[in-house]
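Student: mind looking at a prediction? Sequence and model below.
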Amino acid sequence: MFRNGAPTITSDRLTLGPVSDAHADAFMDVCATDAARFPGGPRDREYASAGIAMQAGQWTLRGYAAEAALAARNRARDTLGLGPPRSLIDPASTPSERVAPRLGARNEGPHRTDVFRIVNRWRPPGREARA
């Protein structure tokens with residue numbers, strides 16, 4: 001089902017790679033629980049299936065909180081030559097809200113998403129900053 005040339009990003013303790021069928025099944029199971037409340041859940045398997053497809057696409061285009069975000073941010077900057085990506089975080093997701101400043105990001109305030117939810121937009125440090 002999922003086959004692509006998505007990159008694999010590694011850090012000292014972490015490997016982030018493309019989505020597989022096993023990932024999709026696990027994701028759909030989690031989406032049915034209260035653990036999925038911040039990204040809009042709980043959701044049924046059909047809705048979750050569309051979500052995993054979207055995530056696979058996002059991974060192809062552009063996970064362990066601070067370490068994953070830092071590895072992805074550094075790859076975007078160093079390998080792809082992109083500017084630092086912004087984070088859109090539900091203010092009720094306090095673990096995510098704690099990760100952003102650990103990476104040097106600053107809260108730019110409320111942002112309305114395309115599904116009319118209000119989240120906080122966090123801007124990471126500029127190109128000159130490097131973790």
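Tutor: Okay, I see it.
Student: off-centre distance for stretch 9-28?
Tutor: 12 Å (C-alpha atoms, centre = their mean, to the nearest Å).
Student: so the closest residue to S11 other than its chain neighbours versus G63, what's the distance?
Tutor: Using C-beta to C-beta, 6 or more residues apart in numbering and skipping residues adjacent in sequence, the residue nearest S11 is A71, 4.5 Å away. (Each C-beta comes from the backbone N, C-alpha and C, glycine too.) With distances taken as C-beta to C-beta, to the nearest Å, A71 is found 9 Å from G63.
Student: so for these two, which residue has more residues nearby?
Tutor: The residue with more neighbours, out of A71 and G63, is A71; 20 against 12, by other C-beta atoms under 10 Å.
Student: unless I misread the structure, the more buried one falls within a helix.
Tutor: Yes - looking at A71 with DSSP: H, G, I helix; E, B strand; the rest coil, it is inside a helix.
Student: thought A100 was touching R121?
Tutor: No - the pair A100 / R121 is not scored as a contact, 9.9 Å apart, by C-beta atoms under 8 Å.
Student: okay, those two: which has more neighbours?
Tutor: Ranked by neighbour count (other C-beta under 10 Å), A100 and R121 place A100 first, with 22 against 18.
Student: can you tell me how far the more buried one is from I118?
Tutor: 16 Å.
Student: any stretches of the chain with poor pLDDT?
Tutor: For the chain, the stretches flagged by pLDDT under 70 are 1-6, 39, 56-62, 64-65, 127-131.
Student: quick one, helices of it?
Tutor: 21-31, 45-61, 65-78, 94-102 (DSSP state H).
Student: give the buried residues for the third one.
Tutor: When you say that, I think you mean helix 65-78. Residues 67-73, 75-77 are the ones in helix 65-78 that count as buried (16 or more other C-beta atoms under 10 Å).
Student: and which of those is nearest E46?
Tutor: A68 (27.4 Å; C-beta to C-beta).
Student: for the closest residue to that closest one other than its chain neighbours, list each beta-bridge partner.
Tutor: Once flanking residues are discounted, A68 sits nearest to L16: 5.7 Å by C-beta to C-beta, 6+ apart. Beta-bridge partners for L16, by DSSP bridges, are I9.
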